[in-house]
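Student: pasting the sequence and the predicted model now:
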Amino acid sequence: MSEVTWDTLHSQIAACRRCGLCGGITNKVPGQGDTSSPLMLLGEGPGRQEDEQGLAFVGPAGQLLTKMLAAIGLPRERVYICNCVKCRPPQNRTPLPEEIAACHVHLAMQLWLLRPRVILLLGATAGRAALGDGFRITRDRGVWVERKGVWILPTYHPSYLLRAPEHKREAWEDLQALREKLLDLGLYPDLLDARPENDPSS
Ligand code: URA
């Protein structure tokens, strides 16, 4: 894989026909952000606005995510954001396990290129994709998992928080834990040393 670059990855995603999802889309949504970021955010799959723009997390859930990151001092341009599947599932249904498996080759390449130190998993689908079928979001969110030197933290998906704002407080605690971990690892010291002032759960 040593010859692979972000450009070749994007070409491969653009040409991909590994599952049926590409039949009904406007744009592929490979993911975007800082390709030298030590932090990857992994969502489920593109929604309508993401499909229209070819960019991950640009709809209402993305706006909440941007606010949550800003509240711990992280501008979202400084992180890398992508999804388990790069094509929008019809009617925003949850991607099927076989679709996630078919798309995994692209995520594996993103992980290989980025080599993140920390991964924030957004929601149950990303949790299951990364941590296995036994993953349960209500039980496992907020619990750090270390895999081969990479720190992984599951939290609620921002779309879920828009539907169930009573859980924003827990997501806020998870974001605080993320901030602490990034600081402990010496990551983003220029941004995170100042204490956060905004509470995104309010
Ligand atoms: N939900 C996701 O999981 N990903 C997006 O890019 C947008 C909404």
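Tutor: That came in fine, so what should we check first? Values in this document were obtained by computation on a predicted structure and should not be read as measured data.
Student: the ligand contacts on the chain?
Tutor: 43-47, 50, 56-57, 59, 61-62, 83, 159 (Cβ under 6 Å from any ligand atom). Where C-beta positions appear, they are placed from N, C-alpha and C, glycine not excepted.
Student: and those as JSON lines, adding distance to residue 18 and pLDDT?
Tutor: Converted to JSON lines, the residues of the chain next to the ligand look like this (distance: Cβ to Cβ, whole Å; pLDDT from 0 to 100):
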{"residue": "43", "distance to residue 18": "19", "pLDDT": "98"}
{"residue": "44", "distance to residue 18": "17", "pLDDT": "98"}
{"residue": "45", "distance to residue 18": "14", "pLDDT": "98"}
{"residue": "46", "distance to residue 18": "16", "pLDDT": "98"}
{"residue": "47", "distance to residue 18": "21", "pLDDT": "98"}
{"residue": "50", "distance to residue 18": "19", "pLDDT": "98"}
{"residue": "56", "distance to residue 18": "19", "pLDDT": "98"}
{"residue": "57", "distance to residue 18": "23", "pLDDT": "98"}
{"residue": "59", "distance to residue 18": "25", "pLDDT": "98"}
{"residue": "61", "distance to residue 18": "25", "pLDDT": "98"}
{"residue": "62", "distance to residue 18": "25", "pLDDT": "98"}
{"residue": "83", "distance to residue 18": "15", "pLDDT": "98"}
{"residue": "159", "distance to residue 18": "25", "pLDDT": "98"}
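Student: how much space is there between residue 47 and residue 176?
Tutor: 27 Å (Cβ to Cβ, to the nearest Å).
Student: look at those two and report which has more neighbours.
Tutor: Using other Cβ atoms under 10 Å as the criterion, residue 47 and residue 176 rank with residue 47 on top: 22 against 15.
Student: residues contacting the more buried one?
Tutor: Listed by Cβ atoms under 8 Å, 6 or more residues apart in numbering, the contact set of residue 47 reads 59, 61, 88, 92, 159.
Student: which of these has the most neighbours?
Tutor: In these, the most neighbours by other Cβ under 10 Å go to residue 88, 26 neighbours.
Student: report the secondary structure state of the residue sitting nearest the centre point of the chain.
Tutor: Centroid-nearest residue in the chain, with Cα atoms, centre = their mean: residue 42, separated by 1.9 Å. Secondary structure of residue 42, reduced to three states by DSSP: H, G, I helix; E, B strand; the rest coil: strand.
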